[in-house]
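> No sequence on hand, only this structure:
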């Protein structure tokens, strides 16, 4: 059995996160072998320095968590993050455009961020709790067409986080053309396992260490 | 008795806000005579167009609501907003710097945004629910020194919003050198009146129309 660590984005996005907490997070990420850290933009240079030479990716967020900065601002945030050492970008779509059913506008904005990200994979947050099924399907199609690497359920800052139902829906809609990242409220190994089984290829959580510990215990039973 | 409208920033910052809602908000702002609208960056150009020639200010948010984009990003967001017609800027401090008690860093970042804002007043959000009294006092001093126009309690997206206790504390700390804006959870005229009496000179709320209606009813009794 493989450790779930390689599917986990080790995440710390609390507004009052400190440098010391980022140092500790990066140490844990190397020790446990997480896929990446997912951290605030202000700490990208620090994390890139701490993780230099490791296998752990440096992920940050763009237009986060409300998604309503301008496209130009999202593009600039992405370029700046990449130039400081980010290797993965988690962006939030403009939910207002989605609410207006302007899926072309959503797609065009994502494409601009994907271009700015270069070779770094872009994960696109739909904030699923706001949408009915048909919208989630249409948005996933926009994400695929725009050239992003993952469609992601949630920011963790909205009224609802990841649900198994949403991950199944996004997986079917993505049809293996892109990955699915589940995030928002995943706190235990049983939950993590269920989300992976539902079709998630990446899990965003701030409970990664605890999840791996629970997985080790379960394996040793 | 003056209407409270002239002290209210008529606010709509929900992530899925649409153009149509911004149109309606701006119409109400003119009709009721609010101090300004406070809206997402993507809608600044639209609001500036709709409010052209009126007395209503065009306010938007920077580094909102988590405060941890880079200083460069906050400066660029501010410049872009001003160039699109914003006349007031509500920014969030980097809470991580405040957590590390690096008040000089907080002050320097605010100063950069104030410079980028030119003649537009900058309101600086401390996100009071995170801080003990001494930190709130030190942060208010940073805001004053950096040349901002207001210190503001909350984003409305944190676990806690405005409290009368915080507004009194910020008012004493500001000592009439700058204004105090109370925001986060203010929904009625009695609440609004209490915050004004506690020392707030500006109220941020999405319930402005209801507050003015309640004020009119109370006045006519």
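Perfect, thanks for sending it. Predicted model, so just to flag it, every value in this text is computed and none were measured.
> Report the secondary structure state of the spatially most central residue of chain A.
The centroid of chain A falls nearest to residue A:90 when counting by C-alpha atoms, centre = their mean (4.9 Å). Following DSSP: H, G, I helix; E, B strand; the rest coil, the label given to residue A:90 is strand.
> what sits against it?
Listed by C-beta atoms under 8 Å, 6 or more residues apart in numbering or on different chains, the contact set of residue A:90 reads A:9, A:38, A:59-62, A:64, A:122-123, A:125, A:152, A:181, A:204. C-betas here are computed from N, CA, C, even on glycine.
> partners of it in the sheet?
Assessed by DSSP bridges, residue A:90 has beta-bridge partners residue A:61, residue A:123.
> what about it, distance to residue A:13?
Distance from residue A:90 to residue A:13, counting by C-beta to C-beta, to the nearest Å: 9 Å.
> So for the two, which residues contact both of them?
Common neighbours of residue A:90 and residue A:13 (criterion: C-beta under 8 Å, 6+ apart): A:38, A:61, A:64.
> Looking at those residues, which one is closest to chain B?
Ranked by distance to chain B (C-beta to the nearest C-beta), those are led by residue A:64 at 7.1 Å.
> and stretch A:78-90, which residues are buried?
Of all the residues in stretch A:78-90, those buried under the rule 16 or more other C-beta atoms under 10 Å in any protein chain shown are A:78-82, A:84-90.
> Point out the ones among those residues that are inside strands.
Under the assignment DSSP state E, these contribute A:88-90 to strands.
> Is it possible to get JSON lines of these that adds distance to residue A:5 and pLDDT?
Formatted as JSON lines, those follow (distance: C-beta to C-beta, whole Å; pLDDT from 0 to 100):
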{"residue": "A:88", "distance to residue A:5": "16", "pLDDT": "98"}
{"residue": "A:89", "distance to residue A:5": "21", "pLDDT": "99"}
{"residue": "A:90", "distance to residue A:5": "18", "pLDDT": "99"}
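> residues from chain A in reach of chain B?
Counting by C-beta under 8 Å from any C-beta of the partner chain, chain A comes close to chain B at A:13, A:15-20, A:40-43, A:64-70, A:72-73, A:76-77, A:80, A:94-96, A:98-100, A:127, A:130, A:157-158.
> that older thread, and the gap between the residue nearest to the centre of chain A and residue A:112?
Distance from residue A:90 to residue A:112, by C-beta to C-beta: 16 Å.
> re earlier: list only buried entries from the residues of chain A next to chain B.
A:13, A:15-19, A:40-43, A:64-70, A:73, A:76-77, A:80, A:94-96, A:98-99, A:127, A:130, A:157-158.
> who touches the nearest residue to residue A:130 once chain neighbours are set aside in this structure?
In this structure, residue A:130 finds its nearest non-sequential neighbour in residue B:16, 5.6 Å apart by C-beta to C-beta, 6 or more residues apart in numbering or on different chains. Contact partners of residue B:16, counting by C-beta under 8 Å, 6+ apart, are A:95-96, A:98-99, A:130.
> Contacts only, for residue A:146.
Going by C-beta under 8 Å, 6+ apart, residue A:146 touches A:107-108, A:110-111, A:114, A:124.
> Closest one to chain B out of these, please.
Comparing these against chain B with C-beta to the nearest C-beta places residue A:108 closest, at 13.5 Å.
> Distance-wise, check the closest one relative to residue A:62.
For residue A:108, the distance to residue A:62 (C-beta to C-beta) stands at 15 Å.
> And these two? Which one has more around it.
The neighbour count for residue A:108 versus residue A:62, taken as other C-beta atoms under 10 Å in any protein chain shown, is higher for residue A:62 (30 against 15).
> what about the nearest residue to the more buried one once chain neighbours are set aside, neighbour count?
Leaving aside its chain neighbours, residue A:62 sits nearest to residue A:91 (4.2 Å; criterion: C-beta to C-beta, 6+ apart). Per other C-beta under 10 Å, the neighbour tally for residue A:91 reads 25.
> those strands in chain A, which residues are they?
With strands called from DSSP E, chain A shows them at A:8-11, A:36-39, A:57-62, A:88-92, A:122-125, A:150-152, A:179-183, A:202-205.
> can you redo these as CSV with distance to residue B:212?
Listed next are the strands of chain A as CSV, based on distance: least, C-beta to C-beta, whole Å:
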stretch, distance to residue B:212
strand A:8-11, 42
strand A:36-39, 43
strand A:57-62, 38
strand A:88-92, 33
strand A:122-125, 37
strand A:150-152, 41
strand A:179-183, 40
strand A:202-205, 43
